[in-house]
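[1] Pasting the sequence and the predicted model now:
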Amino acid sequence: MLTKLAPPKPSNGTRIQSVSRSCRLLLWLASRPHGATAKEAAFATTLALPTTYHLLNTLVDEGLLTKDPRRRYTLGRSTALLAQAYLRGSAVPDALVSALRRLADRTEETAYLADWGEHDIRVLASVEGRNILRVAEVAAGPYDAAHARANGKVLLAFTWPEVKDAYLDRHLLERRTERTICDRAELERELATIRDRGYAIDREEFSPGVTCLAAPILEDGSLIAALGVSVPSDRFATAQAFLTETLLEVTSTVDDLEPEADLEEVATR
């Protein structure tokens, strides 16, 4: 089922309409693993069909899209250059840093941010709350045992099925605690539940005495990153409703947050 993209947000200053439309098409197609026809793209982006044809074929000429024999458009090889350049970057986008800080400030717990790297999951940044909690979950850098961690389960639940399956095929479901989910079918059911309710909980599945809560940051329905908090289990028991409400409010308003000017206290990749 195809859904229409929300109209672009108004902005100040001069903008080139054809570039804006091309970007919308490209970003929409990035969320379609099997591509789409020009008619489907036109419907989703609310563009006229002739305009969509012209824009799509221009993107094909530039190597950003390809067109298969069934006349379906998919991402082209040139988009890999953009992805690789982003993944080599060291800066976390300001809006995500602002969301991270806001979550830590409001909950007074340690907040952390993770996303998909070039080949695996990685922690982008973490901010300690006033109730300091130090666990491996929040260290910047490589990220293991995603099946046992709230951010990891969010990233697995909301990514493309092909990416999720490839990750799970490469990584054993190792037992970290007595509560770790180590059965693939049970984990798949857990991921389906996470998609339905919009957030994940790790109840001492990765580390005894620590409970984590995480939710996806989405843009037009596509996964950008996962944002979460780590809390001592006894404190989580009395604050679950507040923490969940706060996390979901922050992740749903990332675009509305003001950029942070001072990033020195944020541990980044």
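    Right, received. Where do you want to start?
[2] Give me the secondary structure label for Thr66.
    For Thr66, the reduced secondary structure class is strand; criterion used: DSSP: H, G, I helix; E, B strand; the rest coil.
[3] which residues touch it?
    Counting by C-beta atoms under 8 Å, 6 or more residues apart in numbering, Thr66 touches 60, 73-77. C-beta: built from backbone N, CA, C; applies to glycine.
[4] Can I get the longest helix seen in the chain in CSV, CA atoms only?
    In the chain, taking DSSP state H as the definition, the longest helix is helix 233-252. Written as CSV, here are the backbone C-alpha positions of helix 233-252 (Å, rounded to 0.1, in the frame of the first residue of the first chain):
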residue,chain,number,x,y,z
SER,A,233,15.7,-1.5,37.4
ASP,A,234,14.4,-0.5,40.8
ARG,A,235,14.1,3.1,39.7
PHE,A,236,12.5,2.1,36.4
ALA,A,237,9.7,0.2,38.2
THR,A,238,8.4,3.4,39.7
ALA,A,239,9.1,5.7,36.7
GLN,A,240,8.2,3.6,33.7
ALA,A,241,5.1,5.7,32.6
PHE,A,242,7.0,9.0,32.9
LEU,A,243,10.1,7.7,31.1
THR,A,244,8.0,6.2,28.3
GLU,A,245,5.9,9.4,27.8
THR,A,246,9.0,11.6,27.8
LEU,A,247,10.9,9.4,25.4
LEU,A,248,8.0,9.2,22.9
GLU,A,249,7.5,13.0,23.1
VAL,A,250,11.1,13.7,22.5
THR,A,251,11.5,11.3,19.5
SER,A,252,8.3,12.7,17.9
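[5] Throw the contacts of Thr66 into JSON lines and include pLDDT, thanks.
    As requested, the contacts of Thr66 are exported to JSON lines (pLDDT from 0 to 100):
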{"residue": "Val60", "pLDDT": "91"}
{"residue": "Tyr73", "pLDDT": "92"}
{"residue": "Thr74", "pLDDT": "90"}
{"residue": "Leu75", "pLDDT": "86"}
{"residue": "Gly76", "pLDDT": "86"}
{"residue": "Arg77", "pLDDT": "78"}
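[6] pLDDT weak spots in the stretch 101-250 of the chain?
    Scanning the stretch 101-250 of the chain for pLDDT under 70 picks out the ranges 118-119, 132-142.
[7] in the chain, which spans are strands?
    Taking DSSP state E as the criterion, the chain carries its strands at 65-67, 73-75, 110-116, 121-127, 141-142, 200-203, 210-219, 222-232, 267-268.
[8] Tabulate the ones you listed in a markdown table, adding columns for distance to Leu156.
    Supplementary listing: the strands of the chain in a markdown table, determined by distance: least, C-beta to C-beta, whole Å:
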| stretch | distance to Leu156 |
| --- | --- |
| strand 65-67 | 28 |
| strand 73-75 | 22 |
| strand 110-116 | 10 |
| strand 121-127 | 8 |
| strand 141-142 | 16 |
| strand 200-203 | 9 |
| strand 210-219 | 11 |
| strand 222-232 | 10 |
| strand 267-268 | 23 |
